[in-house]
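[1] using only what follows, build the 3D model:
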Amino acid sequence: MARILLYTGKGGVGKTSVAAATALTCAARGYRTIVMSTDIAHSLGDALGVTLGPEPKEIVPNLWGQESDAYYNVARYWGRIQEYAGSVLKWRGLDDVLAEDAAPTGETLRLLSLPEAGKWWMEKIEPIGRRVAKLTGPLIQRVVGMPMPGGDVFDAGEELFRRLDHMHDLLIDPELTSVRVVLTLEQVVIKEAQRSFTYFHLYGYPTDLVVVNRVLPDDVQWLYFKGWHEAQQRNAPLVEEAFSPIPVLKAPFFSEEVVGVPLLTELGRRLYGDSDPTSHFYHGRPYSVVRDAEEFVMSVELPFAMKEAIKLSRHADEIVIEVGSWRRNLVLPRLLVGATTLGAKFDDHVLKIRFAAPPRSTSGGTAHG
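    As a prediction, the model looks like this:
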């Protein structure tokens, strides 16, 4: 069975090294593996000690590496979109170099939220935009001079968002995909990891593992490391408690930079031991719906979110959840589409939204939430 393992974390925690070490461990077990970087500033090739590009390259038996290039992929698959975006920017007086910067870039969370935004655009905006462009485009272009998108631009956009929707379906499948958070034992890093963890739950991405990287040994001798070691000892229990029941694995601090296949292989061995990295370390659901007396209750886990940062609204068959600057349009299960919203409360990091349930059948049937 195929598996997608997504490693993310604050810059500098070693997520690239952990991902590369995981990939080498998987390849050594005989799995055909590809390790890919989506960072803007790539370091995967540097970590592995090889030169990588936008196409997969074999590194060792069963392992290929790739550094995704947004410009390359846009030009190859959606060049018409880039051409149109560039023409609009040039019309505004920007030169070719700035126009090329219209290609999409972004960090992990932005990347993961893009499919849902694309789906919303496809359903709500694109049909209207296509009709408007067809009816008024020639007039606008003749009077104002602004380039207007043709049918080929909309076709390319539809193809792009269809692929994004497919990617979304893959990434939210708990049997296929696991998101894994990499952190170090520093308070700022742990807080950042908690926020990321909340957003993954908000968007329905299954998280099954937390990796604590660069853990100092207990027998550290140098005075230089003493304060650092003591801080790690204080913070380690916080990680175990905060992310429970998600398992936590620890990788040791190495006395040299972890670069190249041999050291990354050792990192994988020290991290996973005899465990298979493709295992599901935890199974959980980001939200569930159950019937409670005459109500349905939808429970959405929002670990580490603060009550005052949560905003909730409903639009037809969607519940809109906002946590800080992040927004999720959660399509309601069919049994809740016609149900009246009764209220909501946030308790123990779980948002519980109540809906009125229809009367139970008296014919002996059972209603399932």
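[2] OK, contacts around residue 223?
    Neighbouring residues of residue 223 by Cβ atoms under 8 Å, 6 or more residues apart in numbering: there are none. Every residue, glycine included, has its C-beta placed from N, CA and C.
[3] err, residue 220, not the other one
    Contacts of residue 220 by Cβ under 8 Å, 6+ apart are 226, 229.
[4] let's verify the residue nearest to residue 215 when sequence neighbours are not counted: helix, strand, or coil?
    Take residue 215 and drop its neighbours on the chain: the residue closest to it by Cβ to Cβ, 6 or more residues apart in numbering is residue 250, 4.8 Å away. With DSSP: H, G, I helix; E, B strand; the rest coil as the basis, residue 250 sits in strand.
[5] and the gap between residue 274 and residue 29?
    Distance, residue 274 to residue 29, using Cβ to Cβ, to the nearest Å: 11 Å.
[6] okay, these two: which has more neighbours?
    Counted by other Cβ atoms under 10 Å, residue 274 and residue 29 do not tie: residue 29 has more neighbours, with 13 against 5.
[7] look up the closest residue to that one, ignoring the ones flanking it.
    residue 276 (6.7 Å).
[8] now do the one you found, the pLDDT please.
    Looking at residue 276, its pLDDT is 97.
[9] look up phi and psi at it.
    With angles defined as degrees, to the nearest 10, residue 276 sits at phi -90, psi 120.
[10] so that it lines up with my notes, have the first residue be 52 from now on.
    In the new count, where the first residue is 52, that last one comes out as residue 327.
[11] correct me, but it touches residue 79?
    No - taking contacts as Cβ atoms under 8 Å, residue 327 lies outside contact range of residue 79: 11.0 Å.
[12] between those two, who's got more neighbours?
    residue 79 (16 against 13).
[13] hmm, that one is touching residue 316, no?
    Yes - the criterion here is Cβ under 8 Å, and residue 79 meets it with residue 316 at 7.3 Å.
[14] overlap in contacts, these two.
    In contact with both residue 79 and residue 316: no residue, using Cβ under 8 Å, 6+ apart.
[15] and residue 109, how many residues sit next to it?
    For residue 109, using other Cβ under 10 Å, the count is 11.
[16] what's across from the spatially closest residue to it that is not a sequence neighbour in the sheet?
    Leaving out its chain neighbours, the residue that sits closest to residue 109 by Cβ to Cβ, 6+ apart is residue 115, at 5.3 Å. For residue 115, the beta-bridge partners under DSSP bridges are residue 85, residue 109.
[17] so residue 115 touches residue 78, yeah?
    No - at 9.1 Å, residue 115 does not count as touching residue 78 under the criterion of Cβ under 8 Å.
[18] ok, now which ones touch the residue nearest to residue 266?
    By Cβ under 8 Å, 6+ apart, the neighbours of residue 301 are 262, 263, 264, 266, 322.
[19] and which of these is nearest residue 71?
    residue 322 (11.5 Å; Cβ to Cβ).
[20] okay, and that closest one sits in which element?
    Secondary structure from DSSP states H and E places residue 322 in helix 312-323.
[21] contacting residues around that helix?
    Contacts for helix 312-323 (Cβ under 8 Å, 6+ apart): 68-69, 71-73, 75-76, 79, 98-100, 110-111, 262, 300-303, 305, 307-309, 328.
[22] direction included, what does whatever helix or strand comes next after it pair up with?
    Where DSSP H and E defines the elements, the next helix or strand beyond helix 312-323 is strand 338-343. Sheet pairing of strand 338-343 (DSSP bridges) gives strand 346-352 (antiparallel).
[23] shaky segments in this protein?
    Residues of the chain meeting the criterion pLDDT under 70: 121-209, 211, 337, 410-420.
[24] go with 50
    139-151, 153-157, 176, 179, 186-188, 190-197, 413-420 (pLDDT under 50).
[25] would you mark the buried spots in stretch 309-318?
    Using 16 or more other Cβ atoms under 10 Å as the burial criterion, the residues of stretch 309-318 that qualify are 309, 312, 314, 315, 316, 318.
[26] what distance separates that stretch from the centre of its chain?
    26 Å (Cα atoms, centre = their mean, to the nearest Å).
[27] quick revisit: for residue 115 and residue 78, indicate the residue with more neighbours.
    residue 78 (21 against 18).
[28] and the helix or strand that contains that one, what other elements does it pack with?
    Residue 78 belongs to helix 66-79 when assigned by DSSP H and E. Counting contacts by 3 or more Cβ pairs under 8 Å, 6 or more residues apart in numbering; DSSP states H and E, helix 66-79 is packed against strand 55-59, strand 84-88, helix 95-99, strand 114-118, strand 258-266, helix 312-323.
[29] I'd like those laid out as CSV, including distance to residue 332.
    As requested, the helices and strands packed on helix 66-79 are exported to CSV (distance: least, Cβ to Cβ, whole Å):
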stretch, distance to residue 332
strand 55-59, 11
strand 84-88, 18
helix 95-99, 23
strand 114-118, 22
strand 258-266, 4
helix 312-323, 10
